[in-house]
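S.K.: Sequence and predicted structure are below.
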Amino acid sequence: METGINNILNKLTESEGVIGVLIADEHGLCLGVRGIAKASSAGFIASIAAHAKELTELRTGGNEDTPTISVEYGNNTILIRSEGNHTLAVWRS
């Protein structure tokens, strides 16, 4: 699994405009980080994804896809998405 996560992190980091990448488990444990992303933010990232999913389920009765959260600050954006037991955050400039 570790090799797969490292491959994903490396591939995403090489994408144009990407300045950071983080993968966390469902408990907020950082599984991998690259670029400007900080491992200490994994819990916050996983929490944001979990709360967004709960809000979506309240509105739709649980029939909707997992939401993608976009947090904009300055000239940068953080995209957060949870899939299964993992949450991915991508920092873009």
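M.R.: Done, it's in.
S.K.: hey, let's count contacts and neighbours off CA atoms from now on
M.R.: Fine.
S.K.: which stretches of this structure form helices?
M.R.: In chain order, the chain shows helices spanning 2-13, 42-60, with DSSP state H as the criterion.
S.K.: Please convert those to TSV, extending it with distance to residue 34 and mean neighbour count.
M.R.: Shown next, in TSV, are those (distance: least, CA to CA, whole Å; neighbours: other CA atoms under 10 Å):
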stretch	distance to residue 34	mean neighbour count
helix 2-13	7	14
helix 42-60	12	17
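S.K.: could you dump these to TSV with mean pLDDT and distance to residue 74?
M.R.: As requested, these are arranged in TSV below (pLDDT from 0 to 100; distance: least, CA to CA, whole Å):
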stretch	mean pLDDT	distance to residue 74
helix 2-13	88	20
helix 42-60	87	19
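S.K.: could you dump the ones you listed to CSV with distance to residue 72?
M.R.: Listed next are these as CSV, based on distance: least, CA to CA, whole Å:
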stretch, distance to residue 72
helix 2-13, 19
helix 42-60, 14
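S.K.: Let me know which of those is the nearest to residue 30.
M.R.: Closest of the helices of the chain to residue 30 is helix 42-60, at 5.3 Å (criterion: CA to CA).
S.K.: Counting neighbours, what do you get for residue 16?
M.R.: One way to gauge burial is a neighbour count; for residue 16, by other CA atoms under 10 Å, it gives 9.
S.K.: What of residue 22?
M.R.: 27.
S.K.: which ones are touching the closest residue to it other than its chain neighbours?
M.R.: The shortest distance from residue 22 to any residue that is not its chain neighbour, by CA to CA, 6 or more residues apart in numbering, is 4.4 Å, and that residue is residue 33. With contacts taken as CA atoms under 8 Å, 6 or more residues apart in numbering, residue 33 has the following neighbours: 9, 20, 21, 22, 23, 39.
S.K.: residues touching the nearest residue to the third one once chain neighbours are set aside, list them.
M.R.: Think residue 21. Taking CA to CA, 6+ apart as the measure, residue 21 lies nearest to residue 90, with 4.6 Å between them; neighbours along the chain are not counted. If you count contacts by CA under 8 Å, 6+ apart, residue 90 has them with 18, 19, 20, 21, 22, 78, 79, 80.
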